[in-house]
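# structure for the following, please:
(2 chains)
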Amino acid sequence: METKSEIFSQRLVKAVVWNITLQISLAVVLVFFIQVDLIHPISWIISTFNDIFSWKMALNAILLGLVSFFQAYLYGSYFSVPVPKYFTRFSMFLNIFSVQNIIFSTLYALNGYFTMSLYSSLAKSNFNILKKKCETYDGQCLAEQSLFLQFGGMWMGLYYFTSAHLLSATVLTFPHIYQEKFQQIKLVISNIVAMGFQHSVTPVIYYCIFYYVWGNKPRNVVSEVYSLYLEDPPLDNIFNLISSGIWIGLWFYTSLYFISIYTMKTVFNIVLTEPMKFPIEGDAQFTLNNALSQRLQFTGYLGAQDLKYMSLMDYARRSQIFTLSQPGGHPRNWNNLLEKCLQMINQFNSELDKMNNDSHSVEAENTHNRKTFNTIAPLTPPSVYSRSLRNMAQSPNLLELKDHNKNKVDDTFATAIKEEFKNFLLKLSQKPGINYFFGELVDTKLKFILIQAQPVIWTCEGLAYIVSASLKEDKYGVVQNDLPIVLSTLIYLKQNLDKLTKAGLVPRKHILNDVLAIKIRNALLSSVKRSLYKIIMTFSKFIHEIPLDPDVQIAIQSFLSCKEA
Amino acid sequence: MSIFSGFPELPNPEETAFCKINEVYCCGNVRYGNISTFTNSTKNHPKINVTKDLHHHRLSDENISMYVDVEDNLLKKITSVWYKQGFVEALSVAADPNVNRDSKTLAITASYALKVANLFTALRYFMQPHLKDIGPKIVSKYSRTRNWGSAPVKCIAWHPHTTKIALATADDNVRVYCSEVSFVSTLKCKAQGHVSSLSWRPYSASEIAVGCEQGVIVWTVDPNSMFTKPSSSNAVVLKRAGHSPVTDVSWSPNGDLLISCCGADTSMLVWDVAMETAIPLRRVAGGGIVFARWSLTANKIFAATSSIIFRVWDTQSWTPERWCARGCRVVAACWGPKDVVLFAAKGEPIVYALNNTGLMNGAKTSKAQPVLDVTKVELSSGDLVGGPILDMCWDPSGRYLALLFEESHIIAVFSTTQLMMQLSVTPCCFITGIENEVPSTLAFQHNFTDGACLTIAWSSGRIQHFPIIYTDGY
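Numbers count the residues shown, from 1 in each chain, chains lettered A, B, ... in the order given. From the prediction side, this is the model:
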């Protein structure tokens, strides 16, 4: 979709600009501190200024810009695609060697190499050149320390890539309150610097071990290619390595590299997660409804977040929702919004349903399916029509009929063979060794669903706020018509979530081991309950006048008496 | 003319006030009187008297000397001190020649190390003087509870939606009393020490945040559960380096965010409790944040620092408006309807009102208006009332304001009315304790439909519910 990429890429560009400014200021600070000369402060400042405005710095700035564009591309491509799903160890393992990852790892290695050489050139060390003049012979010698550092740069790039992208999922987390950008950066910058220096210790140690074992190979290759002599004691000897002191340099530059990459990450997070105000009606592409309809995409996140803030604090836009269309007098804004919200919640709900039904009996499955019909069916047709019309068009009978027809057509010999083959695969995958690699991992599916729950959380809360605000602000009673469906959807989601948490009832398959997923599950459950409480308490005096299904009514009782944990 | 002259007279010494019904001040005999002769509105309220079931096991800082000293070997002594009181204390034990008689070299090394450590702490206190006090001292310094360290009830909190009250007792247990069930849930875990504040989560029946020395403990107590002592697996401890001791916790009125403040930390933390993440809110100047109060609509937050500066944060943009109190730090503040906030500075007998800060009237020159002067006076009965304010409480409908004074043992309740942005305060009634009781802390019930119900914790451990009932005719 056009809008999606537009918002996202605009923000990416903005983030890159922010990033370049920040990185350059970091570099300036570095130059300033490296030239420290307390005895001659004036010459210190003058030389700093000379360096800052020299062509070398400009060149570096261009290089920094390139690197940061490059990082933006990498970072952006992680968030523009939905989280990949792998449910078996084998697919996880295969995924490590995907083309994308191979390209990215090369890019990261180059990134590390460039950043390192950039900072080392700013620090006025001559580790950027592999050759130097021999002291004892006549000719060119290899500066092994430069080689050590340059290889180190690539190593760090790869190290960061593996630890941040391969071994852990990259999820864009939205902060629960959004302060001004500058404030946010101010709050985290000292933390970033400290973290950079701490986190760079382990990769340096790994690299030193690596160089001790393998270091002679790249050295030999490089010295042969450039036909250079070896003069200094080789660095793949522990004593030489330590006495040369180059490891301190490596640690320092690695820290700088990490600081720069963490800064980049923070800046991107700050710029990308900035709340955005979508208009309620108007130009078709940018409305709140459109944003909400893309649940798994970036715009969907922004839309859901905006829905929450809008229904909580924005009186003007809220009143726009409660208005009737002119001409016609239909509550079009509200209907569209409700449709999108319920669609999002129901989609999530049916995913959970599938999970829950995996382990339940067939009978239970049937009742659940019937339930989903009740909640989903009235939503799909455009809600402009009157209620009775919708129901007729989308009656469950009709759907059954369709299903029946389909089954007849597909019922051929091919399906039988397919079925047989599936069974064979299923049996095969039960074997112990094979099961380890090809068996479905216990909680990954649930984890996968839960990690994408953030927009659902916002939508539930937003819906609850707007519904409870309607009691006072909704002049035409636009919202009250739809109270039953909102309540039953939320109750149903709550019941589905309860199945995942109630002790003793949860099948082993659904017990979560992942900390993040557990937290998200709790956050979701708590926000659904809060939303229900909010609506039910606001309408507590009139709750018995709302036409509700008996089982929803029963479920509501515990909220009414404030007994729902 | 003091405002106190408009109050009804104090009851006789053998009588006490029970309630106020439609302008009638109802008193009864101390021993035989009963509130049920006047009203049934608090019939189902939990009857609480803390001292009876209070445990005196807690080893507080004062009574350490009561225990007989047992001669341990040196290493054991040092490690135990290290474990309990920290590294610097352990160093001072090792350096102390009276304790450490065996190893001279250790004593000398320790004394030098101690000197270096002292140098660093001196430097740190020079840079950040507000950090000087430690743990319970900070809490008791900033607490709005009278004699926080020794009172049987440290703080109380009403549930926003049901008749359920939680109180923190002197042994740092949190007890939850409910109108419907007869048993009391006691919340206690190892991390819960020096409880400073309690806050129930709105739109939830089960969650309560407890501010204590280590951080914030959020308990989830299932209202249907029959356990009187829920295990600590129901508690989540939220803590962060440098954010200790917590002096105040408060939930947003929507129940989504939790703010914790620490008198020794310059930033207040906004928690997303389910995800256990915190975002600090900080601005230059002002010292530690002592307490924060959400406005009833969740649009604003009043944050008082340990200096004269206080801030009113806007919760949409999360930017503060900075204000200065005149003489001393703000000691108590409460929000009422229409985003009006009342506050009082320490050591001053005046209540100020701040309405629609900045935004409406645009001008930055707007000042806080003094709305109530409670200078100390002697009543005709000889009792003193008024003076510097210790704590104040506004009932959720904004009709009654209760004041607790530093130097007087009488609680004064005022009626407040808001007409055209103008707040008028008129006398309502006094509440006194029985015999020598002193009020420790107070709170208004949130879901009292007949009027307002003020709950007072007395120094004897008695909890009194004082309903103020009005029907529309009056």
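# and the residue of the stretch 251-400 of chain A that's closest to chain B?
Nearest residue of the stretch 251-400 of chain A to chain B: residue A:313, at 5.2 Å (Cβ to the nearest Cβ). Using the backbone N, CA and C atoms, a C-beta is placed for each residue, glycine as well.
# what does the stretch 351-500 of chain A give?
Residue nearest to chain B within the stretch 351-500 of chain A: residue A:461 (7.0 Å; Cβ to the nearest Cβ).
# isn't that residue up against residue A:310?
No - applying Cβ atoms under 8 Å as the test, residue A:461 and residue A:310 come out as separate, 11.3 Å apart.
# common neighbours of those two, please.
Counting by Cβ atoms under 8 Å, 6 or more residues apart in numbering or on different chains, residue A:461 and residue A:310 have no common neighbour.
# what number of residues lie near the residue of the stretch 251-400 of chain A closest to chain B?
When counting by other Cβ atoms under 10 Å in any protein chain shown, one arrives at 16 neighbours for residue A:313.
# spell out which residues of chain B are next to chain A.
Taking Cβ under 8 Å from any Cβ of the partner chain as the criterion, chain B approaches chain A at residues B:159, B:161-162, B:203-206, B:220-225, B:254-257, B:270, B:272-277, B:279-282, B:298-299, B:315-319.
# near chain B, which residues of the stretch 351-500 of chain A?
Contact residues, the stretch 351-500 of chain A versus chain B (Cβ under 8 Å from any Cβ): A:461, A:465.
# where are the low-confidence patches of the stretch 351-500 of chain A?
Across the stretch 351-500 of chain A, the ranges flagged by pLDDT under 70 are A:358-411, A:439-443.
# what's the answer for chain A, then?
Applying pLDDT under 70 to chain A picks out residues A:1-5, A:78-87, A:124-126, A:128, A:168-170, A:283-285, A:358-411, A:439-443, A:502-513.
# and it, what are its domains?
Per automatic domain parsing, the structural domains of chain A span A:4-272, A:288-381+A:442-560.
# need the contact partners of stretch A:261-274.
A:8, A:11-12, A:14-15, A:18-19, A:22-23, A:26, A:68, A:71-72, A:75, A:79, A:115, A:160, A:172-175, A:178, A:181, A:184-185, A:188-189, A:192, A:195-196, A:298.
# which of those fall within helices?
A:8, A:11-12, A:14-15, A:18-19, A:22-23, A:26, A:68, A:71-72, A:75, A:79, A:115, A:160, A:181, A:184-185, A:188-189, A:192, A:195-196, A:298 (DSSP state H).
# which of the residues you listed are buried?
A:8, A:11-12, A:14-15, A:18-19, A:22-23, A:26, A:68, A:71-72, A:75, A:79, A:115, A:160, A:184-185, A:188-189, A:192, A:196, A:298 (16 or more other Cβ atoms under 10 Å in any protein chain shown).
# now do the same contact list for residue B:275.
Listed by Cβ under 8 Å, 6+ apart, the contact partners of residue B:275 are A:176, A:519-520, A:523.
# what is the burial count for residue B:103?
For residue B:103, using other Cβ under 10 Å, the count is 13.
# now do the contacts for it.
Residue B:103 neighbours (Cβ under 8 Å, 6+ apart): residue B:74.
# can you pull the pLDDT of it?
pLDDT, residue B:103: 78.
# phi first, then psi, for residue B:5.
phi -70, psi -20 (degrees, to the nearest 10).
# now the closest residue to chain B within chain A: closest residue in space that isn't a chain neighbour?
Nearest residue of chain A to chain B: residue A:523, at 3.4 Å (Cβ to the nearest Cβ). Spatial nearest neighbour of residue A:523, excluding adjacent residues (Cβ to Cβ, 6 or more residues apart in numbering or on different chains): residue B:274 at 3.4 Å.
# residue contacts, the one you found?
Residues in contact with residue B:274 (Cβ under 8 Å, 6+ apart) are A:519-520, A:522-523, A:526-527.
# from those residues, pick the one nearest residue A:275.
residue A:527 (17.4 Å; Cβ to Cβ).
# the closest one and residue A:206, how far apart?
Going from residue A:527 to residue A:206 by Cβ to Cβ, to the nearest Å gives 42 Å.
# of the two, who's got more company?
With neighbours defined as other Cβ under 10 Å, residue A:527 and residue A:206 compare such that residue A:527 has more, 23 against 13.
# hang on, that one packs against residue A:454?
No - assessed by Cβ under 8 Å, residue A:527 is found out of contact with residue A:454, at 10.2 Å.
# what about the closest residue to residue A:279 other than its chain neighbours, neighbour count?
Nearest residue to residue A:279, sequence neighbours excluded (Cβ to Cβ, 6+ apart): residue A:287, at 5.9 Å. Residue A:287 has 21 neighbouring residues, counting by other Cβ under 10 Å.
# can you give me the strands for the stretch 1-150 of chain A?
Shown for the stretch 1-150 of chain A, the strands assigned by DSSP state E, counting those that start in this stretch span residues A:131-133, A:140-142.
# kindly reformat those strands as TSV containing mean neighbour count and distance to residue B:181.
TSV is the format used below for those (neighbours: other Cβ atoms under 10 Å in any protein chain shown; distance: least, Cβ to Cβ, whole Å):
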stretch	mean neighbour count	distance to residue B:181
strand A:131-133	14	84
strand A:140-142	19	82
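# would you confirm that residue B:355 contacts residue B:421?
Yes - with contact defined as Cβ under 8 Å, residue B:355 and residue B:421 form a contacting pair (6.1 Å).
# mutual contacts of those two, please.
residue B:338.
# comparing these two, which residue is more hemmed in?
residue B:355 (19 against 12).
# so what pLDDT did the closest residue to that one other than its chain neighbours get?
Take residue B:355 and drop its neighbours on the chain: the residue closest to it by Cβ to Cβ, 6+ apart is residue B:340, 4.5 Å away. Here the pLDDT value assigned to residue B:340 is 89.
# now residue B:340: phi and psi?
With angles defined as degrees, to the nearest 10, residue B:340 sits at phi -100, psi 140.
# next one: residue B:144
The phi and psi values for residue B:144, taken as degrees, to the nearest 10, are phi -90, psi 0.
# how many neighbours does it have?
Neighbour count for residue B:144, taken as other Cβ under 10 Å: 23.
# that one touches residue B:333, doesn't it?
No - between residue B:144 and residue B:333 there is no contact under Cβ under 8 Å: 10.1 Å.
# residues shared between the contacts of the two?
Joint contacts of residue B:144 and residue B:333 (Cβ under 8 Å, 6+ apart) are residue B:291.
# in this structure residue B:455 contacts residue B:466, no?
Yes - Residue B:455 is in contact with residue B:466 according to Cβ under 8 Å; the separation is 7.4 Å.
# so which of these two has more stuff around it?
In this view residue B:455 and residue B:466 are compared by other Cβ under 10 Å, and residue B:455 has more residues nearby, 26 against 22.
# check whether that one sits in a helix, strand or coil.
Three-state call for residue B:455 (DSSP: H, G, I helix; E, B strand; the rest coil): strand.
# which ones are touching it?
Contacts for residue B:455 (Cβ under 8 Å, 6+ apart) come out as B:156, B:158, B:165, B:442-445, B:463-466.
# hmm, try it at 6 Å
B:443, B:465 (Cβ atoms under 6 Å, 6 or more residues apart in numbering or on different chains).
# how close does it sit to residue A:435?
61 Å.
# show me which residues of the stretch 201-350 of chain A are close to chain B?
Residues of the stretch 201-350 of chain A lying close to chain B by Cβ under 6 Å from any Cβ of the partner chain are residue A:313.
# and the helices in the stretch 201-350 of chain A?
Taking DSSP state H, counting those that start in this stretch as the criterion, the stretch 201-350 of chain A carries its helices at A:201-214, A:216-225, A:238-244, A:246-272, A:288-292, A:298-313, A:315-321, A:332-359.
# just how off-centre is the second one within its chain?
Going back to what we said before, that points to helix A:216-225. Counting by Cα atoms, centre = their mean, to the nearest Å, helix A:216-225 is centred 42 Å from the centre of its parent chain.
# again with the fourth one
A distance of 20 Å separates the C-alpha centroid of helix A:246-272 from that of its chain, computed with Cα atoms, centre = their mean.
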